[in-house]
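Novice: Any chance you could fold what I've pasted below:
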Amino acid sequence: MTMRWILVMVWAVVVFAFGLAIRESRFHNTTQRRLKMFSPIKKDTKRVTKGLRSLLPENWVRSNRAAAFRLRASEYFAIRSASVILPGLLGYLVRGWVGAAVLAVVGFAVVALVLRWRQRKWMADAEALLPDFLSGVANAMKAGSSFQQAMSLVAKETPAPLGPEVVRMLRRESLGVSLDDALQELTQRMPWKDLELAVMAITIQREVGGALSSILENIVATITERQRLKREIRTLTAQGRMSALIVTFLPIGIGFVLWFLNPSYERPLFTTKDGLFMLGYAVVSISIGSYIIQRMVKGPDL
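Specialist: This next block holds a predicted model:
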């Protein structure tokens, strides 16, 4: 009886902490939406969408996935489809329809995680090149070049992934697209705050005037400091992030391995009332624990 009350109290504390985390997350999202209302960079939500609509050709070319993977929409869709079909066929051969469903979900999740990791790595590599690129543009403008000329000169010397994206943006501007629209599309293909900050400064300078080279130098100093703080925060939270991954995926991975090696060993977990209760308890506990750890190790939104 005492143990039951202890479990009830522990769950009450966990649910209370979970509610506080959700409330804090909603407050943060509300604040970010209000700040974006005053930004001159307007997101074209009708063109850059999520889900299946993003695979349309006119939406795909403006998306970050098209820039990161260098794939057509049909090629990307084929990869995601194969990540479900091929493991599903293997699971059907090994454990029938249940195995097909399990391996199809696992294959889809694994490929999604790999693509997400590749996309984030591409973004990180491009973001690391931004301070040097903006510094080169500022120096070229001080030497007498116009903004477009300075970007063209520096972009040719900037390695991938940032250099080719800027060259693409300038090529579109030379074909008749306005500079503001080309810069906005660049922020859609490379959506990180440092680039949005630079584009915002360029847009404002084109409207009100001013020394753009000096503004870019100040932005470079700000971006460099932000990147330094990000690296420091990731170093300090590395152990917590790894703990979250282990707590979340280790029980799931062991469960899948045991189920494929010896299904009868875990059959009571799915066929008895107590087993289903334990399974539901484990899923809820792992989900809440993983969320709390992620919120604890998440750094400030720099």
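Novice: from here on, contacts and neighbour counts on C-alpha atoms
Specialist: Fine.
Novice: The residue minimising distance to the centre of the chain: helix or strand, and which one exactly?
Specialist: In the chain, the centroid-proximal residue (CA atoms, centre = their mean) is Arg120; its distance is 6.1 Å. Under the criterion of DSSP states H and E, Arg120 resides in helix 73-142.
Novice: That helix packs against which elements?
Specialist: helix 64-69, helix 147-157, helix 162-174, helix 212-236 (3 or more CA pairs under 8 Å, 6 or more residues apart in numbering; DSSP states H and E).
Novice: Swap in 6 Å and give it another go.
Specialist: Judged by 3 or more CA pairs under 6 Å, 6 or more residues apart in numbering; DSSP states H and E, helix 73-142 is in contact with helix 147-157.
Novice: Not counting the helix it packs on itself, show me its contacts.
Specialist: The set of residues external to helix 147-157 that reach it, using CA atoms under 6 Å, 6 or more residues apart in numbering, is 137, 140, 163.
Novice: Of the residues you listed - the most surrounded one?
Specialist: When those are compared by neighbour count (other CA atoms under 10 Å), Val137 ends up highest, at 27 neighbours.
Novice: The nearest residue to it once chain neighbours are set aside: how many residues sit nearby?
Specialist: Closest residue in space to Val137, ignoring its immediate chain neighbours: Ala150 at 5.2 Å, by CA to CA, 6 or more residues apart in numbering. Using other CA under 10 Å, Ala150 has 20 neighbouring residues.
Novice: How about Ile79?
Specialist: Ile79: 12 neighbours (other CA under 10 Å).
Novice: got it, and Leu250?
Specialist: For Leu250, using other CA under 10 Å, the count is 10.
Novice: Remind me what the helix or strand containing it packs against, helices and strands.
Specialist: Under the criterion of DSSP H and E, Leu250 resides in helix 238-261. Taking 3+ CA pairs under 6 Å, 6+ apart as contact, the helices and strands that helix 238-261 lies on are helix 273-297.
Novice: Could you check the angle the helix it packs on makes with helix 212-236?
Specialist: On the basis of axes from the mean of the first three to the mean of the last three CA atoms, to 10 degrees, helix 273-297 is oriented at 140 degrees to helix 212-236.
Novice: What residues sit buried inside helix 273-297?
Specialist: 286, 288-295, 297 (16 or more other CA atoms under 10 Å).
Novice: Mind listing residues that contact it?
Specialist: With contact meaning CA under 6 Å, 6+ apart, helix 273-297 is reached by 237, 240, 244, 268-270.
Novice: who are the neighbours in contact with Cys62?
Specialist: Quick fix: residue 62 is Arg, not Cys. Arg62 neighbours (CA under 6 Å, 6+ apart): Arg189.
Novice: This completes my enquiry, with thanks.
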